[in-house]
Each structure stands twice: as structure tokens, then as C-alpha cells.
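**Student:** Model the following, please.
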Amino acid sequence: MSVQLPPYRPIKHRSGLKVMGAAFHALLMRELQTRFGGYRLGYLWAPLEVLFQVLIFLVIFGVIIERALPGMGFPLFLVTGMVPFRMFQTIATRALGAVEGNKGLLMYRSIRHIDVIIARSVLELIIYFITSIILLVGLAFFDIYASLENLHIVLFCWITLFLFSFGIALIMMVIGYYGGEISKVITIIFTILYFASGIIYPIHVVPEPYFSYLLYNPFIHNIELIRHAFAPNYPAYHIDITYFLKWTVAVNFLGLLMYKAVEKDLIRSK
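**Tutor:** Coordinates of the predicted model:
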């Protein structure tokens, strides 16, 4: 009696690129669900969150600061500062709990800790870039227009800010894993950075020597260039984007160096 064997079917091995793509897609979907799954408003929460902040500052400081903004309306000033800063802050602070918050996924060999940071960072870039577009279109309904002549500069600033944020996120991931209580100090540091980055006031009205001190903050140069691109009459004499790019290279180098130094410890913690 002969036994009929099923036909031989070779096992299809997926390439490393396909495995990485599948892992990234899974991480992105999980982050999207984690980010907005608990809110009834869902994806609308991101633009609404920034909109509430803009309205609050408009009510409190609108009349006063409007007079110190040549060539740019205060609502446009706030939107072009708050949205990029929120992206930067969210990417950095959410990286603090990346190791502990993703232990279940990190059990899979194809997923590494840096993959989690990449997925989270890309998601925040998409969310806040779309948020920026929605709010700018909303301002246009109230006859507050942004110049579209320098969109290439705006895109350049967003991409470099994303890279800067990614480097900071790698550093924050290591700090969050080893730092313990120091993670709580990070929130305070970002609060200080918020008020030291000219998000709600034009820095060119700050007197010397404090104006020069503020320019040591690399974040300012990126945000101010975005504002100048959207409103060409906005002052640009203090902007040094090369300085920001040097910081971007430095934080990414330091972040990757720290990640590689502790990668074995992170793998053992899975």
C-alpha cells in the first residue's frame, strides 16, 4: 500500500527588507492605536490640542504681542511655533518609556529598540505635519494667509527638525531606561525650553544680552526660519540654520553612540 505524499512546496523566505517593512508597519499601527485609541475624538485630538493652546494665548496676549510682530499675524506666529515644538517634545518625551512600554513587541527577534523609536518618530511627524496643514487652512478662512513661495524651505525645516528630534529621542530612550527618577526632570526641562524658544513671543524684542543668550538654543533657528518662510517680512537677521544643522548632526551622533553602547543591555532586558 503506497502513501500519497503532498507535493513539495519550497518555503518562501522573506528578504530582510520585507521583514523590516512588516515590522515597521506593525509598530506604526500599534503606536497609532496607542496614541489615539483611548480618545473618542480619535485623530482629531492632535489639531484640537494645538488649537486650544493657540486660542488661550490669543485671548491672553493677542493685543499686546500683535504690535511687536512686523509682517506676521499673531495666530500664524503661534501655529508656526507651537506645532513644530509639539512634534519635537512628543517625539523626545515618549521615547523615555520606549523600552518598558514595548517589552511585549521587543520579544520578537526582528524588532529592535531603535525600530520603536523610528516608528514613533515617523508617526509624530505625520500627525503634526498634517495638523500644521489643517490649522494653516483654518487660518486662511479668517483671512490670515501664509506665503507659499518658500514651501521648499518649510519642508527642509520640518525634515531637519524631525532628524533633530530623532537624535534627541535616542538619547531620551537611554536616559529613560537607566535614569529612573531623572526622567521626571526631563518634563521640567522641556517646560523651560518651551519658554526659551520664542514659541509664544518674538525673540527679536528681547533686549541684549539676553537676546544673544537665546540664540544658543538651536531650536530657535529652525522655528524662526519656518516663520520667515511663511511670512517673508518677518525678521530673519538672527537666523543661523547652519548652527541648527550642526546640532542635528551632533545629537544624532551622540544618540546612535549611546544606543550602540547599551544595545546589549537592552536586548538582555527583553
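**Student:** Dump stretch 196-205 to PDB, keeping only the CA atoms.
**Tutor:** Output of stretch 196-205 as PDB, limited to C-alpha atoms (Å, rounded to 0.1, in the frame of the first residue of the first chain):
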ATOM      1  CA  ALA A 196      13.200  79.800  26.000                       C
ATOM      2  CA  SER A 197      12.400  79.000  22.300                       C
ATOM      3  CA  GLY A 198      10.300  82.000  21.400                       C
ATOM      4  CA  ILE A 199       7.100  79.900  20.900                       C
ATOM      5  CA  ILE A 200       4.700  82.500  22.300                       C
ATOM      6  CA  TYR A 201       6.700  85.700  21.900                       C
ATOM      7  CA  PRO A 202       9.000  87.100  19.200                       C
ATOM      8  CA  ILE A 203      12.600  86.800  20.400                       C
ATOM      9  CA  HIS A 204      13.800  89.900  18.400                       C
ATOM     10  CA  VAL A 205      12.100  92.100  21.000                       C
END
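**Student:** can you give me the mean pLDDT across that stretch?
**Tutor:** In this model, stretch 196-205 has an average pLDDT of 87.
**Student:** Go through that stretch and flag the buried ones.
**Tutor:** Across stretch 196-205, burial judged by 16 or more other CB atoms under 10 Å covers 197-204. (Each C-beta comes from the backbone N, C-alpha and C, glycine too.)
**Student:** which other helices and strands contact the helix or strand containing residue 155?
**Tutor:** Residue 155 is part of helix 151-178 when elements are defined by DSSP states H and E. With contacts defined as 3 or more CB pairs under 8 Å, 6 or more residues apart in numbering; DSSP states H and E, helix 151-178 has these neighbours: helix 74-94, helix 98-101, helix 113-141, helix 182-195, helix 218-230, helix 241-268.
**Student:** Now find how far off-centre that helix is within its chain.
**Tutor:** 6 Å (CA atoms, centre = their mean, to the nearest Å).
**Student:** hmm, back to that, which of the helices and strands packed on helix 151-178 has the lowest average pLDDT?
**Tutor:** Minimum mean pLDDT among these: helix 98-101, a mean of 62.
**Student:** Give me the pLDDT value at residue 12.
**Tutor:** Here the pLDDT value assigned to residue 12 is 51.
**Student:** closest to residue 153 out of the helices and strands packed on helix 151-178?
**Tutor:** Across the helices and strands packed on helix 151-178, residue 153 has its closest neighbour in helix 218-230 (4.1 Å, CB to CB).
**Student:** Format the helices and strands packed on helix 151-178 as CSV; extra columns: mean neighbour count and distance to residue 158.
**Tutor:** What follows is these, written out as CSV (neighbours: other CB atoms under 10 Å; distance: least, CB to CB, whole Å):
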stretch, mean neighbour count, distance to residue 158
helix 74-94, 23, 7
helix 98-101, 18, 22
helix 113-141, 19, 6
helix 182-195, 12, 19
helix 218-230, 23, 8
helix 241-268, 15, 13
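**Student:** With distance to residue 58 added, can I get those helices in TSV?
**Tutor:** Shown next, in TSV, are the helices and strands packed on helix 151-178 (distance: least, CB to CB, whole Å):
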stretch	distance to residue 58
helix 74-94	6
helix 98-101	35
helix 113-141	11
helix 182-195	17
helix 218-230	16
helix 241-268	28
